[in-house]
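Enquirer: from the sequence below, what's the structure:
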Amino acid sequence: MALCGKSVTLVFIVVCIITSVWWPSMPSWQWLLFGMLALTALMKLRFAFIGLSVNFIALGVFLGCMIVILHGNVMAYQRQTLFQVGGDITINGTVTRAFSKKSHGYEAIIVVDRVDSDKLLPFLKPKIRLFSSRSLEVGSQFITTVKMKPIFGWMNEAGLDSEKQAMSKGIVAAAVVNKQSKWIIRSQPSHRQIVIEQISKQITDLKHHALIRALAFNDRTGLDDSDWQSLRDSGLIHLISISGLHIGMAFSFGLVIGWLIRYFIPRYAFLPHFLGLIVALMYAWLANFSLPTTRAFSVCVIYLILRVFLIHWSAWRVVLLALVVQLCIEPFAILSISFWLSYLSVGAVLLTVNAVQRQPQSKWTALLVLLKVQIVLTALIVPISGYFFSGTSLISLFYNLFFIPWFGLLVVPLMFLALIISLLSSSLASVIWLLLDWSLWPLSWSLPFASGYWYILNQQMILLVSVICGLLLFGRFLKSNGFIVLLLITCSLVLFRERPKHQWRLDVLDVGHGLAVLIEKNNQWLLYDTGKAWIGGSIAEHVIAPILYQRGVSRLDTLIISHMDSDHSGGRAYIEEQFTPRHKVSSQYLNSYQACVAGNSWLWQGLRFEVLWPPSRVTRAYNPHSCVIRVVDPISQFRVMLTGDIESVSEWMLARQADKLTSDVMLVPHHGSKTSSNLSFIQSVSPKLAIASLAKGNQWNMPAKQVVNNYQQQQAHWLDTGENGQVTVHVTGQSWYFNTKRTGTFTSWYRQMLRKGVE
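Expert: Now for the predicted structure:
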């Protein structure tokens, strides 16, 4: 009972921490005292609750709350320390992550040691995202002047969420180095960086040096998008990204070496385990203690402690304790995708092993058992992959059957051997690095054959697969007839559940400074503008594609580019490659694009698209040449105007045909800039709802106050994506309504904290 009670306590610690991200506010330090008093009172009570002692439940809830309150208040204090001055501040910082190239400079994660002249205590040192015009080596210390900024992320139904990402890494703010600022730098590369540079010189000329760096140091900068797509299509990303699997291999490698040594020195009983732990620790250190490696290493530590003290725990309980240990250190890691991938994958492995162990082993050879394990594990990974990546690999079973043993028995041991010998003899290590390079040839040779085997799963399919997997796992508790009936009922409910009652919808996505609008009707999709692009990414890749994949879209029907400014057309190439639109429209002369010229019109899924501007096609479409379209629903007479970035002159000319402009909803031209949205144009359109696509806290101070006033004077309801997130307009029969992703849903305490600036 005591052991069961402790497990209950651990479970409720985890549950409390996981649910903390939905708290409306962060309790202050004083709540800890109240919690202690409440816990003391509850510990005096000895009654049962659903078969479990309330004491253990209360203890778990209290400890979970205490962990969250401690970490939450520390982060709030760190943020307050950075913003309390209100202007530029001088910081002493240490670079903890390598600088990455951005469109206008470099970005890195740093730890702030001093603010102005005030030295910070170790546990109160904030972690921030630094933007500068120069890069520094990892481990470098510096002094410079910066301007602090809150963290404003995009809020959409899917895709990149900078606020959630920052919180999961413990980042409390962003900082921009002033161009005129002077730097005082003390370059002091970390020991890890020195080791990496020393080894990198030995593998530079190898064909697979990018893969080796990813495997050895968790440095994936050498892998391009095509590499990741091939790894995704084959289902082998987990073998290249250092994870718990690799730490387990490292532990096993040390274990084997320890057994060989113990053969000659038998008196050291725990030498293999301690050596395995040391190898695992060194590998986690080389991987910079990423979340999956720390999780796996904590499992190794707990396993060793249990072995030393002869304590027998199930694998489930060991993983549960490791989970609690990690959450005590990083409770907000629960906001990270890698956290859920790690633990859900471990859970899938344990469920698979348990399912196989229950079967009569005499009927299976070792090969057949391995095959069954991989089949069950692949099935359980499908809903996990579908939820996080909106798809799954159709051939991952075959690739994993070969490459998991190949990596475990050959590639990873060769890599560990090369890493160890590199520190002793570079000439001898070069031979082993060459062998490792050869061992990766089957992987690079086979990856191109996986192209095209990535299957997109929409939310309905993910739910269906999850239900089927759950029933197959726990169906043994039901009689065969009951299991079949329950399976059929569940599948019917999922497949034939009531669909949303809108005839069509329009989504103005939250893409920062830029524009991307999705229109959906009859399971067909039209995209108006693609948002911006930057070095190594784009809105199309990080926002639009995840939303389309989540909805099960593999191809667009129509793509419209309003004009060729990068914040509107930056993702055009990506969309054309990934979603191959059947029809393309632009006001600029582009190959295979139809003309967007005033007077043109067409029907799309029963909706009439009326082109109002520009009067002619141009060689280069700038703001004044934006493709302005009014979308009319002939049934409901609902009208929406898509305006691009037209400016006052274009608006004045459009206002001369006021009878063609009236619309219920309009996109605010040019992100709410004072160069657009003149009063006569707004009066001609007479919108009930005005939506501006813009970045909160942008450098151009959009939207201009006068612009907002102009719309409000015309009784138009104002929304902007920077403040409200993704805006969705639903058209249902003769009526329409809208909702927003940020203000229309619950806002968590951590989002409020990160978006808040000066006190």
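Enquirer: for the longest helix seen in the chain, which residues meet the burial criterion?
Expert: Determined from DSSP state H, the single longest helix within the chain is helix 54-83. Residues of helix 54-83 classed as buried: 55-69, 71-73, 75-76, 78-79, 81-83 (neighbour count, 16 or more other CB atoms under 10 Å). C-beta: built from backbone N, CA, C; applies to glycine.
Enquirer: so what touches stretch 260-276?
Expert: For stretch 260-276, contacts defined as CB atoms under 8 Å, 6 or more residues apart in numbering pick out 250-259, 300, 304, 307-308.
Enquirer: so where's the stretch 651-759 of the chain shaky on pLDDT?
Expert: 744-746, 757-759 (pLDDT under 70).
Enquirer: now stretch 135-148, how far from the centre of its chain.
Expert: Taking CA atoms, centre = their mean, to the nearest Å, one finds stretch 135-148 lying 26 Å from the centre of the chain it belongs to.
Enquirer: check stretch 278-298 too.
Expert: With CA atoms, centre = their mean as the basis, stretch 278-298 stands 21 Å off its chain's centre.
Enquirer: what's the answer for stretch 392-405, then?
Expert: Centroid separation for stretch 392-405 versus its chain: 24 Å, with CA atoms, centre = their mean.
Enquirer: same deal with stretch 440-448?
Expert: Distance, stretch centre to chain centre, for stretch 440-448: 28 Å (CA atoms, centre = their mean).
Enquirer: need the strands for the stretch 501-650 of the chain, in chain order.
Expert: For the stretch 501-650 of the chain, the strands defined by DSSP state E, counting those that start in this stretch occupy 504-508, 517-521, 524-528, 533-534, 537-538, 558-561, 583-586, 594-595, 601-604, 607-613, 628-632, 639-642.
Enquirer: as CSV, the ones you listed with mean pLDDT, mean neighbour count and distance to residue 269 would be great.
Expert: Listed next are the strands of the stretch 501-650 of the chain as CSV, based on pLDDT from 0 to 100; neighbours: other CB atoms under 10 Å; distance: least, CB to CB, whole Å:
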stretch, mean pLDDT, mean neighbour count, distance to residue 269
strand 504-508, 97, 23, 63
strand 517-521, 97, 21, 63
strand 524-528, 97, 22, 64
strand 533-534, 91, 18, 56
strand 537-538, 91, 20, 52
strand 558-561, 98, 24, 67
strand 583-586, 97, 20, 71
strand 594-595, 96, 16, 77
strand 601-604, 96, 12, 75
strand 607-613, 96, 20, 76
strand 628-632, 97, 22, 76
strand 639-642, 98, 23, 74
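Enquirer: residue 130 is nearest to which of the ones you listed?
Expert: Distance to residue 130, taken as CB to CB, is lowest for strand 533-534 among the strands of the stretch 501-650 of the chain, at 16.9 Å.
Enquirer: helices or strands next to the closest one in the packing?
Expert: Applying 3 or more CB pairs under 8 Å, 6 or more residues apart in numbering; DSSP states H and E, one finds that strand 533-534 contacts no other helix or strand.
Enquirer: sheet-wise, list the partners of it with their directions.
Expert: strand 537-538 (antiparallel) (DSSP bridges).
Enquirer: please state the offset of the partner strand from the chain centre?
Expert: 14 Å.
Enquirer: and residue 156, which helix or strand is it part of?
Expert: According to DSSP states H and E, residue 156 maps onto no helix or strand at all.
Enquirer: show me the contacts for it.
Expert: Applying CB under 8 Å, 6+ apart, we find residue 156 in contact with 509, 510, 543, 547, 725, 726, 741.
Enquirer: just the buried residues of those.
Expert: Among these, the ones that count as buried by 16+ other CB under 10 Å are 509, 510, 543, 547, 725, 726, 741.
Enquirer: between those residues, which is closest to residue 124?
Expert: For those, the nearest to residue 124 is residue 725 (31.7 Å; CB to CB).
Enquirer: could you pull up the residues touching that closest one?
Expert: Applying CB under 8 Å, 6+ apart, one finds that residue 725 lies in contact with 154, 155, 156, 510, 740, 741, 742, 743.
Enquirer: for residue 569, give me its contacts.
Expert: So residue 569 contacts 529, 530, 561, 563 (CB under 8 Å, 6+ apart).
Enquirer: which of those tops the neighbour count?
Expert: Neighbour counts for the contacts of residue 569, by other CB atoms under 10 Å, peak at residue 529, which reaches 34 neighbours.
Enquirer: if I look at the nearest residue to residue 756 once chain neighbours are set aside, how far off is residue 83?
Expert: In this structure, residue 756 finds its nearest non-sequential neighbour in residue 150, 6.1 Å apart by CB to CB, 6 or more residues apart in numbering. Residue 150 is 8 Å from residue 83, where distance means CB to CB, to the nearest Å.
Enquirer: repeat that for residue 298.
Expert: Taken as CB to CB, the span from residue 298 to residue 83 is 34 Å.
Enquirer: now swap in residue 273 and tell me
Expert: In terms of CB to CB, residue 273 sits 48 Å off from residue 83.
Enquirer: again with residue 632
Expert: As judged by CB to CB, residue 632 and residue 83 stand 48 Å apart.
Enquirer: and stretch 664-681, end to end?
Expert: 14 Å (CA to CA, to the nearest Å).
Enquirer: then stretch 588-604?
Expert: 21 Å.
Enquirer: hmm, who's touching it?
Expert: By CB under 8 Å, 6+ apart, the list of residues contacting stretch 588-604 reads 521, 524, 526, 557-558, 560-561, 563-564, 583-587, 608-621, 625, 627, 629.
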